[in-house]
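Student: Predicted structure and sequence below. I'll ask about it afterward.
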Amino acid sequence: MMDAKKKKLTLYVAGQTPKSLAAISNLERICEEHLPGRYEIEVIDLRQNPRLAREHDIVAIPTLVRELPVPLRKIIGDLSDEQKVLVNLRLQDE
């Protein structure tokens, strides 16, 4: 599998809130189901690094950002609506 096909996903959360934890587990489940072995998830806790919110233009949390492939795409919420996540982030386009 070529690396160019990998999706780079960054999830911005604020601490271990129920919504943050739900977003993390929903994202992992969706990726395993639809992108096995073709994704990389980075979780960034904005409580530990608040300036990143401004730098990365994060206005609400949790926010999931698909950084690769470009263009950048964002979705806000706990990611419980799997279809919405797949469509918004174009995770099943290939």
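Tutor: Nice, I can see it.

Student: Distance from the lengthiest helix in the chain to the middle of the chain?
Tutor: Using DSSP state H, we find that the single longest helix of the chain is helix 18-34. On the basis of C-alpha atoms, centre = their mean, to the nearest Å, helix 18-34 sits 9 Å off its chain's mean C-alpha point.

Student: what does stretch 40-53 give?
Tutor: Here stretch 40-53 is found 11 Å from its chain centre; the criterion is C-alpha atoms, centre = their mean.

Student: residues of that stretch that come out buried?
Tutor: Val43, Ile44, Asp45, Leu46, Ala53 (16 or more other C-beta atoms under 10 Å). C-beta here means a position set from N, CA and C on the backbone, and glycine is covered the same way.

Student: With stretch 80-91 instead?
Tutor: Those would be Val85, Leu86, Asn88, Leu89, Leu91, for stretch 80-91 by 16+ other C-beta under 10 Å.

Student: Can you lay out those as CSV showing secondary structure?
Tutor: Below are those laid out as CSV (DSSP: H, G, I helix; E, B strand; the rest coil):
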residue, secondary structure
Val85, helix
Leu86, helix
Asn88, helix
Leu89, coil
Leu91, coil
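
Student: where exactly do the strands run in this protein?
Tutor: 7-13, 39-45, 63-68, 73-76 (DSSP state E).

Student: Would you mark the buried spots in the shortest one?
Tutor: By that I understand strand 73-76. Residues of strand 73-76 classed as buried: Lys74, Ile75 (neighbour count, 16+ other C-beta under 10 Å).

Student: Which other helices and strands does that strand contact?
Tutor: strand 63-68, helix 82-88 (3 or more C-beta pairs under 8 Å, 6 or more residues apart in numbering; DSSP states H and E).
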